[in-house]
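Q: 3D model of this:
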Amino acid sequence: MEYREQLKYIKSHQEPGRGSKGGAGKKNRGVSSDRVSRKHRTAEPGRASDRDRPGKSGRPAGGERRRNQDRTANGERRGNQDRTAGGERRRNQGKAARESSAAKERKEMRRKWDREDRMRQTGPGAADRLLSSVQIISAVFLLASMTILGILPLKYMAGLAVILLLLLAVVKQKQKKALRSRKRQGSGKGIAAVCSVLCICIGFYALKANAAIDKIATGEESGNYTQEHALAVTERPFNVYISGIDVYGEITQESRSDVNLIATVNPNTHKILLTTTPRDYYVPIPGISEGQNDKLTHAGVYGIDASVATLENLYETDIPFYVRVNFSSVEDIVDMMGGVDVESELAFTTGEDAGEIVDVKEGKNHFSGKEALAFVRERKALADGDNQRGKNQQALLTGLIKKTMSPMILFRANGMINSVAGNSETNMSEKQIKSLIRMQLDDLKGWDIESIAALGDDSGKKYCYSYSGGPLYVTVPDWESVEEIKQKMREVLGE
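A: Numbering: from 1, shown residues only. Sure thing, here's the model as predicted:
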């Protein structure tokens with residue numbers, strides 16, 4: 001279309017008459033047409049091309065196109081330049097930020113290293129030094145407490161000291177390692193804290209047990225048993241009178257002795273002979289009854305020493321020590337031990353007078369505190385009466401001794417000692433009690449326990465020194481059984 005428009009433009013501007021006559025006009029028109037065609041096909045330099053000629057709109061079409069192209073090219077160029085500049089700017093900003101962050105990190109690391117260098121020069125921090133000091137003090141406190149208690153053998157004390165030193169060394173090593181590795185954790189604070197708490201708790205535990213032992217050893221404070229306290233109980237055999245009074249509460253009350261046991265102990269052979277004497281045994285009370293017979297249980301009314309003298313006179317032996325317990329102490333000791341296993345010769349049921357109704361089986365029984373007390377108090381349900389009750393008392397004591405021989409008793413020792421403090425007393429010195437405990441912990445040997453009972457006739461009544469209201473039921477001694485007991489005592493004592 002553009003070509004046709006150009007032809008029309010040329011024809012309209014031709015000179016008049018040139019193309020209307022003869023062949024010359026046709027020739028000129030042909031030449032002109034060829035020239036135009038050539039001009040359209042190839043624009044000569046310096047002359048306007050077809051694109052520069054105005055179109056229908058009156059504006060040059062080629063120039064508009066070039067301007068559009070220029071604008072597009074310029075826009076793209078500027079966009080590329082902007083994108084290039086923006087990316088470069090962002091890259092520069094990111095690089096600057098990274099460099100700034102890295103610089104801050106290097107600066108912080110230098111500060112940290114300087115601080116840790118100062119720490120290495122000055123040693124552990126204040127918290128570490130404080131915990132180490134507390135650990136050392138608590139370890140010394142524990143060793144001092146155990147020394148005051150005095151029941152641990154020397155080898156145990158040495159082992160305890162070694163363990164405490166090793167724990168201190170471990171904490172110190174961890175502190176040094178933490179300083180070398182530039183770490184704040186793993187410096188042994190936890191170990192030091194736990195060790196300190198354990199040492200303090202065990203130390204107070206030991207001091208409390210020592211106070212309880214001191215409270216039990218009341219005879220030492222009286223100053224009346226100096227000869228007995230000189231006896232080396234871990235080297236020489238001895239007798240202990242165990243008296244059970246029929247009351248609850250404070251042991252200082254004077255009362256009849258319902259339980260009369262003699263423990264003949266040989267620490268060299270680890271043998272114990274338990275001898276029970278019926279509470280109604282009809283015998284004289286030396287220094288009290290003026291040669292008249294009375295019930296053995298009435299001797300307790302005149303004091304523990306009167307009961308000891310009566311039994312010494314009966315068996316012709318020396319009884320340097322006594323242990324006095326009441327109903328409260330029996331219950332508390334058994335419960336603190338977690339119960340006790342007792343071998344019963346008979347099956348029977350205790351009555352309400354015994355304090356608890358218990359179905360006792362023949363053979364092994366596991367008793368609580370109240371059940372154990374009912375077992376040793378019951379006599380009406382027994383065919384042999386007081387004689388069998390004495391055997392039941394021996395059976396309970398045997399069960400208690402066996403239970404105390406276990407190493408696990410150490411974990412209950414403080415509770416046991418505290419439970420009997422105030423409910424029992426002995427004339428053994430505190431030193432002697434501790435030496436016996438220390439001896440047992442040292443070798444942990446078992447004991448050979450043998451039981452024997454004095455027999456008699458309890459079918460009749462006799463007049464008693466302490467009662468003027470008439471005759472009472474008593475147990476007349478079987479002197480053959482008494483002689484047998486004397487012989488067995490001499491054998492255990494090594495006489």
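Q: and Asn239, what are its bridge partners?
A: Asn239 has these beta-bridge partners by DSSP bridges: Thr264.
Q: pretty sure it sits against Ala263.
A: Yes: Asn239 is in contact with Ala263 according to CB atoms under 8 Å; the separation is 7.1 Å. Using the backbone N, CA and C atoms, a C-beta is placed for each residue, glycine as well.
Q: Asp294: what secondary structure?
A: When classified by DSSP: H, G, I helix; E, B strand; the rest coil, Asp294 comes out as strand.
Q: if I look at it, how far off is Pro286?
A: Applying CB to CB, to the nearest Å, the value for Asp294 to Pro286 is 11 Å.
Q: out of those two, which sits in the more crowded spot?
A: Taking neighbours as other CB atoms under 10 Å, Asp294 and Pro286 compare with Asp294 leading, 26 against 16.
Q: now the more buried one. Nearest residue, chain neighbours left out?
A: Nearest residue to Asp294 in three dimensions, chain neighbours excluded: Tyr465, at 4.1 Å (CB to CB, 6 or more residues apart in numbering).
Q: with Leu472 instead?
A: Cys464 (5.3 Å).
Q: secondary structure element holding the residue nearest the centre of the chain?
A: The centre of the chain sits closest to Leu198, judged by CA atoms, centre = their mean, with a distance of 9.0 Å. In the assignment (DSSP states H and E), Leu198 maps to helix 189-216.
Q: now that helix, how far from the centre of its chain.
A: How far helix 189-216 lies from its chain's middle: 14 Å, per CA atoms, centre = their mean, to the nearest Å.
Q: what packs against the helix or strand Ala161 falls within?
A: Applying DSSP H and E as the criterion places Ala161 in helix 154-180. Applying 3 or more CB pairs under 8 Å, 6 or more residues apart in numbering; DSSP states H and E, one finds that helix 154-180 contacts helix 61-122, helix 126-149, helix 189-216.
Q: Arg111 versus the residue nearest to the centre of the chain, what's the distance?
A: Relative to Arg111, Leu198 is positioned 39 Å away (CB to CB).
Q: what does Tyr282 give?
A: Tyr282 is 96 Å from Arg111, by CB to CB.
Q: for Ser424, same thing?
A: Distance from Ser424 to Arg111, by CB to CB: 68 Å.
Q: neighbour count: those two, which is higher?
A: Neighbours per residue (other CB under 10 Å) separate Ser424 from Arg111, with Ser424 holding more: 24 against 10.
Q: quick one: contacts for that one?
A: Ile216, Ile251, Val323, Arg324, Val325, Asn326, Ser329 (CB atoms under 8 Å, 6 or more residues apart in numbering).
Q: please redo it, this time with the cut-off set to 7 Å
A: The neighbours of Ser424, taking CB atoms under 7 Å, 6 or more residues apart in numbering as the test, are Ile216, Ile251, Val323, Arg324, Val325, Ser329.
Q: next one: Ile202
A: With CB under 7 Å, 6+ apart, Ile202 has these contacts: Leu142.
Q: and if we set it to 8 Å?
A: Ile202 touches Leu142, Ser145, Met146, counting by CB under 8 Å, 6+ apart.
Q: Lys462 is in contact with Pro477, isn't it?
A: No: counting by CB under 8 Å, Lys462 stays clear of Pro477, with 11.7 Å between them.
Q: where do the contact lists of these two overlap?
A: Contact criterion CB under 8 Å, 6+ apart; residues shared by Lys462 and Pro477: Tyr282.
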